[in-house]
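Enquirer: show me the folded form of this:
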Amino acid sequence: MVKIDLRTKSHGGVVFSTSGHVYAETGKASSNAETKYKVCNYGLIFTQKWNTDNNTLGTEISLESWLACYQMSLDIAKSKLLQNNFSLGYKVADFQLYTHVNDGTEFVGSIYQKVNEKIETSINLALDGWQ
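Expert: Residues are numbered from 1 along each chain as shown. Below you'll find the predicted structure:
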């Protein structure tokens, strides 16, 4: 196997990472790329990821206690969208809220709260097959 990892940072603070490998026996190759940009004054972080294994592109945006993610999977040969997912989360010291939607058919949500040192509560809800 031959593997390469590269990472660099621009003058503007954008971090670029890429890696890839190829198996000499099979000729199979795969790679991924990631960019990350921080806006420290506002507590924002933008992350984008892409890989060739399943042609997945994802974008993640975080703002202090908030996190939003979007991910899609493509069949490039057929120019077809295979998967379309979105998630949103909020987290502070004693409380968490998370929800995601997969392909517009699976909906999941959860709430967690630490009431005190002895009591923690949570609720998880899921709906699958919504059309």
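Enquirer: and the lowest mean pLDDT element among the helices and strands of the protein?
Expert: Every helix and strand of the chain was ranked by mean pLDDT, DSSP states H and E. The lowest is strand 56-63, at a mean of 86.
Enquirer: can I get it in CSV, CA atoms only?
Expert: Extracted in CSV, the C-alpha atoms of strand 56-63 (Å, rounded to 0.1, in the frame of the first residue of the first chain):
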residue,chain,number,x,y,z
THR,A,56,-19.7,11.8,0.2
LEU,A,57,-19.6,15.6,0.7
GLY,A,58,-20.3,17.0,4.1
THR,A,59,-20.4,20.5,5.5
GLU,A,60,-20.3,21.2,9.3
ILE,A,61,-20.8,24.7,10.8
SER,A,62,-20.4,25.2,14.5
LEU,A,63,-21.1,28.4,16.5
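Enquirer: list the contacts of that strand.
Expert: By CB atoms under 8 Å, 6 or more residues apart in numbering, the surrounding residues in contact with strand 56-63 are 42-50, 67-74, 83. C-beta coordinates here come from the backbone N, C-alpha and C atoms, glycine included.
Enquirer: show me which of the residues you listed are buried.
Expert: Buried subset of these (neighbour count, 16 or more other CB atoms under 10 Å): 45, 47, 49-50, 67, 69, 71-74.
Enquirer: now flag whichever of those residues is closest to S31.
Expert: Nearest to S31 among those: W50, at 8.9 Å, using CB to CB.
Enquirer: ok, now which ones touch that closest one?
Expert: When the contact criterion is CB under 8 Å, 6+ apart, the partners of W50 are 32-34, 56-58.
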